[in-house]
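Novice: using only what follows, build the 3D model:
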Amino acid sequence: MEVRPARPDDYDAVEAFTRDTWADRGGSDYIPDIYHQWIEPGEYPQATLLVDMGDETPSDDVAAIAQMVMLSDYEAWAQGMRVAPEYREQGIATHLTHALFDWAREQGARRVRNMIFSWNVPSLANSRHVGFDPGMEFRWATPTPDADADPALAVTDDADAAWALWTESEMRTALSGLALDPTESWAVSELTRSKLHDSAADDRLFVVSDDRVSGFTYRNRTYSREVEDEGEVTWAEYAVAAWEDTDACRALVDVIRRDAASVDADRTRVLVPEGVEWISDVSVARSDVAEQPTFVMEADLS
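Specialist: Got it, this is the predicted structure:
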């Protein structure tokens, strides 16, 4: 057994055991579709490692693959852990994860996180087994874009006001200070004051207030995907939404509807913390929400 970097010509071996990852849920794995792009160097330092079980290396007998990406000087993100069915329950995931932990430590990481759907019980168990601890949980809110949405509160782009609200917010505590990462898709990293200023400079920050600031959100990115029976669908993604009361939540949802329409998005997704008060606020604002939460796990590398 050897842990080594993934190569372009490993594609067939990796595709063979990842193509049916979620067949029992009527879905397909993204790794075969993006493999070659995934293993190329990106904006952030990354290591994509696999476990080669062949008598000689390299071989076509690949047992597992996973990736670690540095999101900041001290935050790493683990993703894409897949183990071939015939090699499961043999400690291979642990061996591969610890190799990625070692790589992240060499880059200076002090914290590594991953994201797991709450229904994915085997992955939750595996994450705990290899060294991750429970982190935070969130849910996707999905307001429908609407160019005629009219927020009832004033809307500004005051980044320092948003930062002040965030630092005192119970929602920040519930989310461990995290929001969607600006570059790595399906990843979260620490929300910083500079990220809020960057979004304000690009006209992507929305701060709502009446007599005082009571909520904010910002558009993280837009992206398009081919959807079966629908063609190309465009999403507007909002890194986090935080608010102090139901009125502020309603205003933020209307802001998101209007902004998403302005960038020609067909759908939205907004990260909000899991909690009966916050999810019911979103419901009162007449936004759809995901049926289940998503979990973020984390490991201390210090």
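
Novice: show the contacting residues for Leu252.
Specialist: For Leu252, the contacting residues are 151, 206, 208, 215-217, 241, 243, 285, by CB atoms under 8 Å, 6 or more residues apart in numbering. Every residue, glycine included, has its C-beta placed from N, CA and C.

Novice: Leu178 too?
Specialist: Residues in contact with Leu178 (CB under 8 Å, 6+ apart) are 113, 136, 188-191, 240, 296.

Novice: likewise for Trp186?
Specialist: Contact analysis of Trp186 by CB under 8 Å, 6+ apart lists 79, 115.

Novice: and it, its phi and psi?
Specialist: Trp186 adopts backbone torsions of phi 50, psi 40, taken as degrees, to the nearest 10.

Novice: ok so, going back, now the contacts of Leu178 in CSV, with pLDDT?
Specialist: Shown next, in CSV, are these (pLDDT from 0 to 100):
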residue, pLDDT
Arg113, 98
Met136, 98
Val188, 98
Ser189, 98
Glu190, 98
Leu191, 98
Val240, 98
Val296, 98
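
Novice: what two of these are the furthest from one another?
Specialist: Checked with CB to CB, those reach their widest spread between Arg113 and Val240, with 15.2 Å between them.

Novice: could you chop this protein up by domain?
Specialist: Domains of the chain are assigned by automatic domain parsing as 2-109, 138-294.

Novice: least reliable of those domains by average pLDDT, please.
Specialist: Lowest mean pLDDT within those: domain 2-109, a mean of 91.

Novice: tell me the bridge partners for the residue nearest to Val188 when sequence neighbours are not counted.
Specialist: Ranked by CB to CB, 6 or more residues apart in numbering and with sequence neighbours excluded, the top spatial neighbour of Val188 is Leu178, at 4.3 Å. Beta-bridge partners for Leu178, by DSSP bridges, are Glu190.

Novice: hang on, the earlier thing: so which of the contacts of Leu178 is the most crowded?
Specialist: Counting neighbours by other CB atoms under 10 Å, Val188 comes out on top of those with 28 neighbours.

Novice: who are the contact partners of it?
Specialist: By CB under 8 Å, 6+ apart, the contact set of Val188 is 113, 115, 178-181, 271, 296.

Novice: what about the helices in the stretch 151-300 of the chain?
Specialist: Secondary structure of the stretch 151-300 of the chain (DSSP state H, counting those that start in this stretch): helices located at 159-167, 170-174, 193-201, 246-262, 276-284.

Novice: and the domains of the chain as CSV, adding distance to Ser127?
Specialist: As requested, the domains of the chain are exported to CSV (distance: least, CB to CB, whole Å):
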stretch, distance to Ser127
domain 2-109, 8
domain 138-294, 13
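
Novice: Gly131: which of those domains is closest?
Specialist: Comparing those against Gly131 with CB to CB, the closest turns out to be domain 2-109 (6.7 Å).

Novice: quick check: end-to-end length of that closest one?
Specialist: Counting by CA to CA, to the nearest Å, you get 24 Å between the two ends of domain 2-109.

Novice: I appreciate the help and will end here.
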